[in-house]
Each structure stands twice: as structure tokens, then as C-alpha cells.
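1. give me coordinates for this.
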Amino acid sequence: MSEIIRLNMVSEYWKHSDAGLRDELDRMAQGFAFYTGNQWSAADIAKLDAEKRPHLTINMILPIINLLSGIQRQGRQDITVVARKGGLKKLAAVFTEIMRHCLDVTDADYEIADCFLDGVIGNKGWLGLGVNYDNDPIYGDIEVSKVSPFDMREDPDAKEYDLNRTGKFVIRDIWMDKESMMLNYPAKRQDILDGGLDIDPASGDVIGDSEKDIYRWRLRECWWKQHEKRTILINAVNGEIKTVGADNQDLALAINEKSKVWFMKDWVVPVLHKTVTAGNIVLEDITDPYNGVTSFPYYRFCPFWVDGYVMGVAQNLIGPQQEVNKRRSQALHNLNQTANSGFIVKKVLNNYDRHLAKHGATPGVVLDESKAGGSIERIEPAPLSEGHITAAQMSGDDMKEISGANPDLMGQAIRNENESGRAIELRQQQGMKVVEVMFDNFSRTQKLITLGLVDMVRHTDVYSDEEIRNIVSEKNMSVDLSLLKSRKVGKYGIKIESSSSSPIARFANFRNLMEIVKTFPNQIPPDVVIENSDLANKENIIDRIVPLAGAISDKQSAVSKKNVKKTDGSSPTAGDGQVSDT
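-> Here you go, the predicted model:
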């Protein structure tokens, strides 16, 4: 495929996505604006300012979104790799440790939390999976990063939550200046210098300051799939697949005829491509960049997914939020209008009405009744509009009901002395059920990106055999090279479990563990109990107590054996009391 065809393909993909997702992008921008407190349009502000009327922002969306984000952060999830068809359990345990190591060194917990926040605010969050060569220029390091949802354009015709099922492409926008571009793509340096970036600024693909001669260009990093028909050999035992080249057709036929394990088949397989363009240049074009990985390296989180229509939490709170702002602003306007209600006088002498209008509202003012016909009476101000205040409160209550963030969940409930803690807990659980769909979709996104991470480890050399052995050795695990050489064989799944970081939840879990210890004495080792506690120096305690517990266990075992021998009729000697052989 020629460079011109590649350029046109990426451009058409981007335009198709931008047009198909325009409504979604507009809703996304509005969600972020309301979360940050930008809740009035410029036209409304200009009109109200001209009329000298207030435009208050009572941001009730902010605490609701932050509450949901806090729940996610305090309930971060543990992810475990499990063996599926043809997979090996020992290797699944190795993958689990490698995956956790990767998530740890890339601070993935923070990136994942930011992705969740993007989703609940702007209807969609994105996580990227890639290889960074900054610290390891030979093999690279796998990294997980949050990507701005405004930089992503995916196939709008993909109607499955998992973009890899029906999606044809996904594009990330990256803005870069000319110097950075030449450093990152040295093979295209001459094309850049020859004017390959000279494009019309009206295209929107170049931004900058003409006076300072500072510009940045839009790089379109396009990942797209092309299905190809290939001949493969399939191992019926473990699911291993080997691609048969044109030069090995006869050998594959012979293996297919003689082997009872290997079978040859013509199969249509997806092949992943990476094409990067800027201006009129194809900066990079790679087929199968990750050595057999066919999943897009970008994963989306959609809090609510309804047959391809995505929405977050903020979207459905915008209407009630606008109502709160308008009613409170109107109530303040009415109060301002009636606070200085005016005066009733018998008769105005010597333009005294002007004096009253100018100074009547001044604190501590002294008025002369003789200049007002002998009497000055202030007009009683109209009371504050209860209707506006009530309407604003109703809208605030609506927001809590819509989001599921009830007062108990937000810690704002007025406690009733006669109300039990169990009743409060039940209301909190009810609030969590309302948002369960959103958290379930987030678990799904984490599962998809973890499967992608496992595929990267299995199919690339980012983690060498020696690195893998060093990682698992820290967990007192051992793995041999023959096992590692089978890492491309079989299928693996992901199991996700919540692991709450909330102090209250951790204490409740520890209390439940202690109840089990009491119910089944001597069944749970002391190091397990200490590991599940919140003791600051629990590692040191475990290091000291484990050898002691082992010695006690050995002593108890010896005594037990001694008692067994006595029961079997053995008799101790008279001299030293030791049990003799019979």
C-alpha cells in the first residue's frame, strides 16, 4: 500500500470518527465544564451582567463525582491471571506476579483512578498500553497510562463494549513540534525539512503563534486491523498456533498427515497495524508491531453503555444543576431588589427625596423628618422567595437520587438518635447498588487491559526470562526456563477481586478474620493474621514470629508422635524416659 493511500486512509478514518462521535465529544466537553464549575454559557453571563443580575454557581456535581471517585480509590481491585484452555497453572501464577510488578512500577493505580474519573465526568475514559524505551533502549518497559478522552477517536460503528470485537481502528492525537518530530522519527527528517508539514492552518492540524514562529502539528497514531487468510498448524492439546510460511507448505502437509496432535487449517486472522501520520508525511508504518498481539493498545471505560450509546454520571446531573444555579441566582436577585425598599414621606422639601435615594441605605445614616413633611417611614421589604429556595432544594435532592449518592453515602445525613446503625448501613448499600453497573463496567475495562498486558508479556521480549525469574523469586517462587519457553502456548483469563483500602472496611474484614480464628483454633497461621492487620511494622513481626511458630509446630509434632507410640503399646525405658523401639 503506497504512502498516499496510507495518508488518505488515516485521514478518512479520523474524519469518520470525528463526525460520528461529535455529539459524544460535545457532551464530554460539557461534563468537564460543569465538574470544574464552568456552568453558565458566555451568552447568559453577558446578558445577566448587562442587566446587573447575579449568576451564582453552586457546584453540587463536584462532591458527587468526587464521592464516586473516592469509592473507586478505596476499593482498588486485585487482579489474578488464571489458566484457561491449554494454559499452565504455574505459568498463570508467574504472569500474575509479572503483571503486578508492571502495574506497580508504572504507578498504574493512579492512572487507572484518573481514567475512572474521566469516565464519570465526561462519559468515557481511556487507558493506553505501550512500550517505553526511555530507560531500556533495547527491550523497553511496558507502561500503563491514562489518555485524555479528547485525544481519542475510535471506530464509531463498533457497537460492542470491547472495541477489539467489532472495531476496525482507533486513533490517538499527539501534538508535537518540528524538532521533536525529527528526533523521534529520524528517517523522515528530510521529508520534514522539504516541506512535508506545510499544510493549511485552517485544517486544524497545526496550531501555534505566527509572530513567535512556534507551531505544533497533530500526529495521528492510527492502530488498525486488516484480516488476512493464512495457513496455520494448530496443536489440539494446548492450543498452540504456528503460522506456516510459503516455503514450509510441504512440511506442514506432512506433519498434518502423520501427526495426531497437529492439524493444518486455512484461517482468516486479524493483523494489527500501526501507522503514524503528520501533515503530508507517513512518519511510521509497522505491520504486527507486537509480534502477534492483535488487540488495540487502547482501552475505553464507559460508565453506562446502552447499545453503543455511552454516558457518565455528570451528564444526567446537568439539568438539575442548572436549575439550582438559576433558582439561587433569582432568589439573590429578588433579595437585592427588595433589600433597599425605599421610604414613605408626607411631603418632599428641597429635593430631599434625592438625598434619601442616595444615602438612605448607608449604615448609621441620620435622616431629618422636617425635610420630609414631618414623617419618614421605611417600606417593609418583601420576604425572601420561598418558592425559589424550595425549587433549588428539590433540584439538589433530585441530583442525589439520580446519581445514587444518597445523604448516608455522602456522610451528610442528619442522624436520628432512634435510628440504628444497621438501617444507615442498608441505605448506604442501596446507594451502592444504584452505581453497581458503572463499577461493573470499570472492572470489565480493567480485565480487558490486563489481558492485553498478559499478551504483551507472552508475545514480546519486554520481559526477558532472567527478569521474570528475578521478579518471581521475590515472592519465593521458582520457575524453570522450559516453562517460560511455553509462555506463548495456551489461553489465560483474568480474575478480578476487590481489595478495599478503606480503614473502616479493612477493620471490618480483620474483625471477621478474628472470628474465624476463634471458631477454628490453630487452623490459621499467625503470620496470615498479622498480614491482614494494619500494623505499621507487620513485616518485621512476621519475620520474627514465623521461625518461632515453626519451632513450636515441630515440638508439638514430636510430642504428638510420642503420644502415638504410647498408644500403640510402646514403653519408655527406665533410664531416660525415651520411647524405645519395639
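
2. from E515, how far off is L7?
-> Separation of L7 from E515 (Cβ to Cβ, to the nearest Å) stands at 66 Å. C-beta coordinates here come from the backbone N, C-alpha and C atoms, glycine included.

3. more neighbours, these two?
-> More crowded of L7 and E515, by other Cβ atoms under 10 Å: L7, with 18 against 10.

4. residue boundaries of the strands in the stretch 251-400 of the chain?
-> Using DSSP state E, counting those that start in this stretch, the strands of the stretch 251-400 of the chain run over 262-278, 281-287, 298-301, 304-306, 309-311, 343-345, 376-378.

5. between those, which gets nearest to L332?
-> Smallest distance to L332 across the strands of the stretch 251-400 of the chain (Cβ to Cβ): 21.4 Å, for strand 376-378.

6. and the average pLDDT for that closest one is what?
-> For strand 376-378, the mean pLDDT works out to 77.

7. show me what it is packed against.
-> strand 343-345 (3 or more Cβ pairs under 8 Å, 6 or more residues apart in numbering; DSSP states H and E).

8. so the protein: which segments form each domain?
-> Using automatic domain parsing, the domains assigned to the chain come out as 3-315, 342-379, 503-567.

9. average pLDDT across the last one?
-> Computed over domain 503-567, the mean pLDDT rounds to 70.

10. on that earlier part again, and among the domains of the chain, the most buried is which?
-> Counting by mean count of other Cβ atoms under 10 Å, domain 3-315 has the highest mean neighbour count of those, with a mean of 16.

11. quote the end-to-end distance of that domain.
-> Domain 3-315 has an end-to-end distance of 42 Å (Cα to Cα, to the nearest Å).

12. show the average pLDDT along that domain.
-> For domain 3-315, the per-residue pLDDT averages 89.

13. can you give me the helices in the stretch 301-450 of the chain?
-> Assigned by DSSP state H, counting those that start in this stretch, the helices in the stretch 301-450 of the chain fall at 318-339, 352-359, 386-403, 407-410, 421-434, 436-459.

14. which residues touch the nearest residue to Q330 once chain neighbours are set aside?
-> Of all residues not flanking Q330 in the chain, H388 sits nearest, at 5.2 Å (Cβ to Cβ, 6 or more residues apart in numbering). H388 sits next to R327, R328, Q330, A331, N334 when contact means Cβ atoms under 8 Å, 6 or more residues apart in numbering.

15. wait, which of the strands of the stretch 251-400 of the chain is closest to A158?
-> With Cβ to Cβ as the criterion, A158 lies closest to strand 298-301 of the strands of the stretch 251-400 of the chain, at 9.9 Å.

16. beta partners of the residue nearest to E3 when sequence neighbours are not counted?
-> In space, and not counting its chain neighbours, E3 is closest to V282: 4.7 Å by Cβ to Cβ, 6+ apart. Beta-bridge pairing for V282 (DSSP bridges): T277.

17. surely V282 meets I5?
-> No. Using Cβ atoms under 8 Å, V282 is not in contact with I5, being 9.7 Å away.

18. helices of the stretch 151-300 of the chain, start to end?
-> Counting by DSSP H, counting those that start in this stretch, the segments of the stretch 151-300 of the chain that form helices are 163-166, 178-184, 189-191, 249-258.

19. mind giving me the packing neighbours of the first one?
-> Here helix 163-166 is seen to pack against strand 298-301 when contacts are counted using 3+ Cβ pairs under 8 Å, 6+ apart.

20. what are the pairing partners of the strand it packs on, and which direction each?
-> Within its sheet, and counting by DSSP bridges, strand 298-301 is paired with strand 125-132 (antiparallel).

21. next SSE downstream of the partner strand?
-> Scanning forward in sequence from strand 125-132 by DSSP states H and E, the next helix or strand is strand 141-147.

22. report the angle between the axes of that following strand and helix 436-459?
-> Here strand 141-147 runs at an angle of 150 degrees relative to helix 436-459 (axes from the mean of the first three to the mean of the last three Cα atoms, to 10 degrees).

23. other residues contacting strand 141-147?
-> The list of residues contacting strand 141-147 from outside it, by Cβ under 8 Å, 6+ apart, reads 102-103, 105-106, 108, 111-112, 114-115, 118, 125-135, 172, 298, 449, 453, 456-457, 462-463.

24. change it to 6 Å
-> 102, 106, 108, 111, 114-115, 126, 128-130, 132, 456, 462 (Cβ atoms under 6 Å, 6 or more residues apart in numbering).

25. leaving out the residues flanking it, which one is nearest to I286?
-> K274 (4.6 Å).

26. so that neighbour touches D288, yeah?
-> No. If you go by Cβ atoms under 6 Å, K274 and D288 don't touch, sitting 9.1 Å apart.

27. surely A252 is in contact with V244?
-> Yes. Using Cβ under 6 Å, A252 is in contact with V244, at 4.3 Å.

28. can you measure across stretch 183-201, start residue to end residue?
-> End-to-end span of stretch 183-201 (Cα to Cα): 23 Å.

29. other residues contacting it?
-> Counting by Cβ under 6 Å, 6+ apart, M182, D205, V206, W217, G279, N280, I281, L283 sit against stretch 183-201.

30. can you do 10 Å?
-> Defining contact as Cβ atoms under 10 Å, 6 or more residues apart in numbering, one finds that stretch 183-201 is touched by 3, 174, 176, 178-179, 181-182, 205-208, 210, 215, 217-219, 276, 278-284.

31. that older thread, quick one, which of the helices of the stretch 151-300 of the chain is nearest to K89?
-> The closest of these to K89 is helix 163-166. By Cβ to Cβ, the value is 26.0 Å.

32. pLDDT below threshold where in the stretch 351-500 of the chain?
-> Within the stretch 351-500 of the chain, the ranges that satisfy pLDDT under 70 run 360-361, 382, 406-432, 479-500.

33. try 50 this time
-> The stretch 351-500 of the chain contains no residues with pLDDT under 50.

34. what are the phi and psi values at G364?
-> Taking degrees, to the nearest 10, you get phi 80, psi 10 for the backbone angles of G364.

35. against P381, how distant is it?
-> For G364 relative to P381 (Cβ to Cβ), the value is 19 Å.

36. chain center to the longest strand seen in the chain, what's the gap?
-> Ordering each strand of the chain by length in residues (DSSP state E) puts strand 214-235 first. On the basis of Cα atoms, centre = their mean, to the nearest Å, strand 214-235 sits 25 Å off its chain's mean C-alpha point.

37. next, the angle from that strand to strand 281-287.
-> With the same axes, to 10 degrees applied, the angle from strand 214-235 to strand 281-287 works out at 20 degrees.

38. quick one: strands adjacent to strand 214-235?
-> In the sheet, strand 214-235 lines up against strand 169-176 (antiparallel), strand 206-209 (antiparallel), strand 241-243 (antiparallel), strand 262-278 (antiparallel) (DSSP bridges).

39. hmm, who's touching the shortest one?
-> The list of residues contacting strand 241-243 from outside it, by Cβ under 10 Å, 6+ apart, reads 230-235, 248, 252, 255, 262, 264-265, 267, 269, 292, 488-489.

40. let's see 7 Å
-> Residues from elsewhere that reach strand 241-243 (Cβ atoms under 7 Å, 6 or more residues apart in numbering): R230, I232, L233, I234.

41. what of the last one?
-> Where contact means Cβ under 7 Å, 6+ apart, the residues beyond strand 262-278 that reach it are 6-7, 10, 181, 197, 217-236, 252-253, 255-256, 282-290, 293-294.

42. and the angle for that strand with helix 249-258?
-> Per the same axes, to 10 degrees, the angle that strand 262-278 makes with helix 249-258 is 140 degrees.

43. CA atoms of strand 262-278 as PDB?
-> Listed next in PDB are the C-alpha coordinates belonging to strand 262-278 (Å, rounded to 0.1, in the frame of the first residue of the first chain):
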ATOM      1  CA  TRP A 262      -1.100 -31.000  14.900                       C
ATOM      2  CA  PHE A 263      -3.700 -30.100  12.300                       C
ATOM      3  CA  MET A 264      -3.400 -27.700   9.400                       C
ATOM      4  CA  LYS A 265      -6.100 -25.200   8.500                       C
ATOM      5  CA  ASP A 266      -6.600 -22.100   6.400                       C
ATOM      6  CA  TRP A 267      -7.700 -19.400   8.800                       C
ATOM      7  CA  VAL A 268      -8.700 -15.700   8.500                       C
ATOM      8  CA  VAL A 269      -6.800 -13.900  11.200                       C
ATOM      9  CA  PRO A 270      -6.700 -10.200  12.200                       C
ATOM     10  CA  VAL A 271      -3.300  -8.500  11.800                       C
ATOM     11  CA  LEU A 272      -2.600  -5.300  13.800                       C
ATOM     12  CA  HIS A 273      -1.000  -2.300  12.000                       C
ATOM     13  CA  LYS A 274       0.400   0.900  13.300                       C
ATOM     14  CA  THR A 275       0.500   4.000  11.100                       C
ATOM     15  CA  VAL A 276       1.600   7.400  12.300                       C
ATOM     16  CA  THR A 277       1.000  10.500  10.100                       C
ATOM     17  CA  ALA A 278       1.500  14.200  10.300                       C
END
